[in-house]
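Undergrad: Provided below are the primary sequence and the corresponding predicted coordinates.
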Amino acid sequence: MPNEIKTKDDSPVVKERKTDEAVEAGLARLTPERIKNTINQVLQKETGPRFKAYVETCMHCGLCAEACLYFLSNDRDPAFSPAGKVKQTIWEMLEKKGEVSIDFLRRAVHIAQTQCNVCKRCSMYCPFGIDIAYLMLLVRRICHKLEITPLYIQDTVNSHSATMNQMWVKEDEWIDTLQWQEEDAREEFENLRIPLDKEGADVMYSVIAPEPKFQAGLLYQAATIMHAAGINWTMPSSPGWDNSNMAMFTGDNEISGRIARTFYETAARLKVKRIVMGECGHAFRSTYDVGNRWIGWAMPPFEVVHALEFYHELLTSGRIKIAQKFKKTVTLHDPCNVSRGRGLHDMAREVTNMLCESFIEMTPNREHNFCCGAGGGVINCGPPYKGERMVNNRVKAEQLKATGAEVLIAPCHNCHSGLEDIVHHYDLNMEVKFLGDIIYETMEKKIYKPGE
Amino acid sequence: MKPWKRKSINRESKMKQKVIFMGFILFIFTAVYAFSNTELERLDNSVFEKPQRPSAVFEHDDHNEMAEIDDCAVCHHVYEGKELVEDESSEDSLCSDCHSLKPDQENSISLSVAYHKQCRDCHFEENKGPVLCGECHIKE
Amino acid sequence: MNAFIDFIMGPMVWIAFLIFILGLILKIVLIIKDVNARESYIYSYMTLKHSLRSIFAWLIPFFPQSTRQSPVFYSISYIFHLLLFIVPIFLTSHIVLVNEAFQVSWIALDDGLADILTVMVVLALVFFTIRRVMVPEVKYLTSTKDYILILIVALPFITGFLAYHQFFLYRPMVIAHVISGEIMLILIPFSRFSHMIVAPLTRAYMGSEFGNVRHAKDW
């Protein structure tokens, strides 16, 4: 556990260090012409009136600062305010017409990739509703085109590109993992199956690659829940099973689009009625709002249901019954992509209350939640940035601590991992759980039959 | 002959100072007198219910002398309907006899607009005289 | 001199208002044309309902969370923006001029009240200036241009106030008042003052993205 960076003075953002080898290698390849051409190409050809309106409308009032967990966690350092980050990146690119230095770009990529979760909280605090997350994603797009994206997240994009999943999971490994989980689960539920490539199933269940890679237990849990609820479901055996999309967070829109296309084509090939996805936020964003648009669908071509919504459905329809409610005190983290990003926050509370005896709200919550600090690809930039990620989300730790809850529910993979780091780093003595964990723990382990 | 002028001939240098000093005092007195004691000649605005500005300063005779206006009808006009009646003037009646506070069917030009246009249009045409609000509505 | 005054209070007012209004209309038209040409995907987010919902939510004082978190700033800002329109539109002297030119008039503020409101506008601008100097996150974003914008708004009000009271240099003061007001009007379409018409658009977009796609509030 790298605990070396705890105080603000140690914060690597004060002096721009050479943190990332891929960024450094990329910067070393750059020429002033390439920098200038790339920036101007993106700003002139890939943006339009929306970007122009944002730049020409911002009155520099600084009200967005209050929204940002980075600003609040870093003792209100203006360099961490949303507009402050825009000033240090895209304003200057625009003002200098793309003639920016290597040092500037090192700073810019650091800010855009690791000091903003593109959580859009600031857009709710800007009186004009300026989409600062969009501006940060533009910076990432420029950095992508300059090939200075941080190493770890670029690796996941490379993996997407080569394997259509985020973690270099080979096709046989994927199938093997599912069969292994199926086998284990059959000890609990006789005849349980994880049906692969079942054409015409009601539900295609889709997960992110870290699940088969190192959280196979989640597949096990999902399979038991599906089985117990009597759902006619399937999982694809071929690429397209991974709904995650890291390319969306590096500005590699082309690969991002390929991922979304493969995903939907897989669902189309299986002729499923709808897609249910695991507890992941960014994957939901990709399939519900971003990837679909890149391939020409304003709304997803399939009904895409987040786990949270699906659990709600299972619990309210009686397909899953709770044997005994969860005893420990719980608090709920609202993942940006499903609360502010999909309005599922009230449903999340209903599910939590159906599962748990004592639920304590953290504040602020719902649309106004603080991000976990890991989302938007930040945690995926990997170990070089972990220390500062902990410093940068002190407010979350304070917010969690104030609840005094024993268990923290985070219905999102990124949030889950990020909050686990926060909990350890700040010694919060909380257990971080998915809703699926709690459902699995509390549900009646019997198969649903209609009319019962 | 002013007495101090005579003395100044006798004792030049000392007297010079005294003269300047006295002149200064006189200037102050004149100035104070001019600004405090002289009532500026203002138009009668008693017909207005709640005037927002001090009544306009207008020194009738000085104005006409300076502007070389002999014909009363230049300002004190008479209209029959929309036609200006030549060779007739209205200096015996009040402006407010014809122009009411708000424009009505008989006369579409309200009293204040009549005043403003009467003075200012001419001042613009002649390119002299006050044209800005506070140049007539001088603070009391 | 009267000929010059006649110009700045006559044709120049026309020019200023035409540039102001046509400039803003042109700006909107260009934005819409540009959106159609290059970013028509924006319409896949937009709905009228959610656009208006967001705009109205943000017009209600102390309804959005942000406004409750910074009550002093927003209070002053609300009042400032209201007075920015109310004072010049309902000022007796302005109405008198319009009435003489177009035979239309409307209810006017009492001059004494208008005087106080003018001082309030200037004080609000002083507050904005102090905030730019004192509050770190605002200072960080502030450049000379931001102070120039404040000055451009302040000048018509300050000169108007001084002229009304006839403290000194009456004629130059009125001339400065008229010209600075015209400069402000002319600059609106070409500066960040255009937020008066662009901000509702950006708000509408964000309100739509939140309301229509994200099924969430954006206030």
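TA: Yes, it's here. Everything numeric here is computed off the predicted structure, so don't read it as measured data.

Undergrad: From what I see, residue B:120 and residue B:131 are in contact.
TA: Yes - with contact defined as C-beta atoms under 8 Å, residue B:120 reaches residue B:131; the gap is 5.2 Å. Placement of C-beta: from N, CA and C, glycine included.

Undergrad: Can you name the residue of the stretch 151-300 of chain A nearest to chain C?
TA: The nearest approach of the stretch 151-300 of chain A to chain C comes at residue A:298, 3.6 Å away (C-beta to the nearest C-beta).

Undergrad: residues contacting that residue?
TA: A:292, C:41, C:44 (C-beta atoms under 8 Å, 6 or more residues apart in numbering or on different chains).

Undergrad: Phi and psi next, for the residue lying closest to residue C:219 once chain neighbours are set aside.
TA: In this structure, residue C:219 finds its nearest non-sequential neighbour in residue C:64, 3.6 Å apart by C-beta to C-beta, 6 or more residues apart in numbering or on different chains. Per-residue torsions, residue C:64: phi -70, psi 150 (degrees, to the nearest 10).

Undergrad: what sits against residue C:64?
TA: Taking C-beta under 8 Å, 6+ apart, we find residue C:64 in contact with A:124, C:57, C:58, C:219.

Undergrad: So which residues on chain B come close to chain C?
TA: Chain B comes close to chain C at residues B:52-53, B:103, B:108, B:112-113, B:116-117, B:123-124, B:126-129, B:131-135, B:138-139, as judged by C-beta under 8 Å from any C-beta of the partner chain.

Undergrad: measure the residue nearest to residue A:16 when sequence neighbours are not counted to chain C for me?
TA: Residue nearest to residue A:16 in three dimensions, not counting chain neighbours: residue A:107, with 5.0 Å by C-beta to C-beta, 6+ apart. Using C-beta to the nearest C-beta, to the nearest Å, residue A:107 is found at 15 Å from chain C.

Undergrad: got a pLDDT number for residue A:107?
TA: pLDDT recorded at residue A:107 is 95.

Undergrad: before we move on, what about residue A:239?
TA: At residue A:239, the pLDDT recorded in the model is 94.

Undergrad: What count of nearby residues applies to residue 73?
TA: Picked chain A for this. 23 (other C-beta atoms under 10 Å in any protein chain shown).

Undergrad: please go with chain C instead
TA: Residue C:73: 19 surrounding residues under other C-beta under 10 Å.

Undergrad: Can I take it that residue A:204 is in a helix?
TA: No - applying DSSP: H, G, I helix; E, B strand; the rest coil, one finds residue A:204 to be strand, outside a helix.

Undergrad: I figured it hits residue A:271, correct?
TA: No - the pair residue A:204 / residue A:271 is not scored as a contact, 9.5 Å apart, by C-beta under 8 Å.

Undergrad: residues near the residue in chain A positioned nearest to chain B, how many?
TA: The minimum distance from chain A to chain B, using C-beta to the nearest C-beta, falls at residue A:59 (33.7 Å). Neighbour count for residue A:59, taken as other C-beta under 10 Å: 20.

Undergrad: who's in contact with residue A:246?
TA: Residue A:246 touches A:153, A:156, A:157, A:160, A:166, A:377, A:380, counting by C-beta under 8 Å, 6+ apart.

Undergrad: any idea how far residue C:84 is from the closest residue to chain C within the stretch 51-200 of chain A?
TA: Nearest to chain C in the stretch 51-200 of chain A, going by C-beta to the nearest C-beta, is residue A:129, at a distance of 3.0 Å. Counting by C-beta to C-beta, to the nearest Å, the gap from residue A:129 to residue C:84 is 21 Å.

Undergrad: more crowded one of the two?
TA: residue A:129 (29 against 17).

Undergrad: Show the contacting residues for that one.
TA: A:123, C:54, C:58, C:202, C:203, C:205, C:206, C:207, C:218.

Undergrad: ok, now with 6 Å
TA: With contact taken as C-beta atoms under 6 Å, 6 or more residues apart in numbering or on different chains, residue A:129 is in contact with A:123, C:202, C:203, C:206.

Undergrad: Tell me the buried residues within those.
TA: Buried by 16 or more other C-beta atoms under 10 Å in any protein chain shown: A:123, C:202, C:203, C:206, out of the contacts of residue A:129.

Undergrad: Out of the residues you listed, flag the one nearest to residue A:251.
TA: Distance to residue A:251 across these (C-beta to C-beta) is lowest for residue A:123, with 18.9 Å.
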